[in-house]
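Colleague: what follows is a predicted protein model with its sequence.
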Amino acid sequence: MWIINSIFGTIIDLALFPFREMSPMVGLTCFSLATGVGMLYVFKWTSDQEGLEDVKRKIHAGIFEIRLFSDDIRAIFTAQRDIFRYNFVYLRLALTPLLWMIIPFVLMVAQLQLHYGYKGLMVGEPVIVKVVMSGEGAVGSSVVELEVPDGLRLETPRLTIRSLNQAEWRVVADQPGSYELGIRVGDQVYSKSVEVSSQVVKRSPIRTDRFLDQLLFPGEPGFPSGAAVSAIEVGYPERKVNFFGWDTHWLVPFIIIATILAFALKKPLRVTF
């Protein structure tokens, strides 16, 4: 899974690099436009365009037939039956390109979430670092220490929550930068990235060994088999983007912009959907 995440992550990082010091909506808008065009071409190349055009004509013909023979009950029911059947044909034809797009789209959205879903930590702003141990009762039987590099400061001692098998600390940044925390368990040290910056950069809130979390939070590799640590979390605050005066999650304007562009360009690009 990490190999796939690394490939997609590198592509997204390079695409968003020019926009890192701009407003989040600038890079998000450009990426939405590129995504809309890309989705159009993928749909065109992976779908039966002639079949879609034919079934749409048949659906329109059925609607026209209902209007034309509005006083003939038998003709109306026959037309409705045909429209219902052709709608299923349309869904079947549209399913193939959707299957081609769904997996890359999910992987792309997970990567974009790392860039646009969280605000960067600011100097002097405290953040909670949480470590979840592997194995029941492990947090009580192991000595767990948090190692912080220069530029970060440990503000509180470890808080152990035995019922949740986890330990927590509060950390404060003294200066901006990219850092690596170290979670020491015995003679093993497990790292976790921390970003203290206002730029639009990748921020990984969780490093974990769970497959689903690696899919949703693909910023860092999972832990090796048998690791004493199950997850390390950094409590980044969530980011809202301003979309024409509306503060909302970045995915809302991303989908709206990409959808509007797709409909606007479907005729120029000769795409039927």
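Modeller: Great, that's in hand. Numbering: from 1, shown residues only.
Colleague: please enumerate the helices of the stretch 101-250 of the chain.
Modeller: Using DSSP state H, counting those that start in this stretch, the helices of the stretch 101-250 of the chain run over 138-141, 211-216.
Colleague: lowest-confidence stretch among those?
Modeller: If the helices of the stretch 101-250 of the chain are sorted by mean pLDDT, helix 138-141 sits at the bottom with a mean of 61.
Colleague: excluding chain neighbours, what is closest to Val144?
Modeller: Using Cβ to Cβ, 6 or more residues apart in numbering and skipping the chain neighbours, the partner closest in space to Val144 is Ala167 (4.9 Å). The C-beta positions use only the backbone N, C-alpha and C, and glycine is treated the same way.
Colleague: wait, the one you found touches Leu159, no?
Modeller: Yes: the pair Ala167 / Leu159 is scored as a contact, 6.7 Å apart, by Cβ atoms under 8 Å.
Colleague: in terms of neighbours, single out the busier of the two.
Modeller: Comparing Ala167 with Leu159 by other Cβ atoms under 10 Å, the one with more neighbours is Ala167, at 23 against 12.
Colleague: tell me the contacts of the more buried one?
Modeller: With contacts defined as Cβ atoms under 8 Å, 6 or more residues apart in numbering, Ala167 is in contact with 130-131, 133, 139, 144, 158-161.
Colleague: check it and give its pLDDT.
Modeller: Model confidence at Ala167, given as pLDDT, is 91.
Colleague: quick one: least confident helix or strand in the protein?
Modeller: helix 138-141 (a mean of 61; mean pLDDT, DSSP states H and E).
Colleague: where in the stretch 51-200 of the chain is pLDDT low?
Modeller: Along the stretch 51-200 of the chain, the parts satisfying pLDDT under 70 run over 136-142.
Colleague: just give the number of residues close to Val148.
Modeller: Residues near Val148, counting by other Cβ under 10 Å: 19.
Colleague: I'd say it and Leu154 touch.
Modeller: Yes: between Val148 and Leu154 there is a contact under Cβ under 8 Å: 5.2 Å.
Colleague: and Gly51, that's in a helix?
Modeller: Yes: assessed with DSSP: H, G, I helix; E, B strand; the rest coil, Gly51 lies in a helix.
Colleague: could you count how many residues lie near it?
Modeller: Residues lying near Gly51 (other Cβ under 10 Å) number 14.
Colleague: what's the separation between the residue sitting nearest the centre point of the chain and Ile12?
Modeller: In the chain, the centroid-proximal residue (Cα atoms, centre = their mean) is Ala110; its distance is 2.4 Å. Distance of Ala110 to Ile12, computed by Cβ to Cβ, to the nearest Å: 10 Å.
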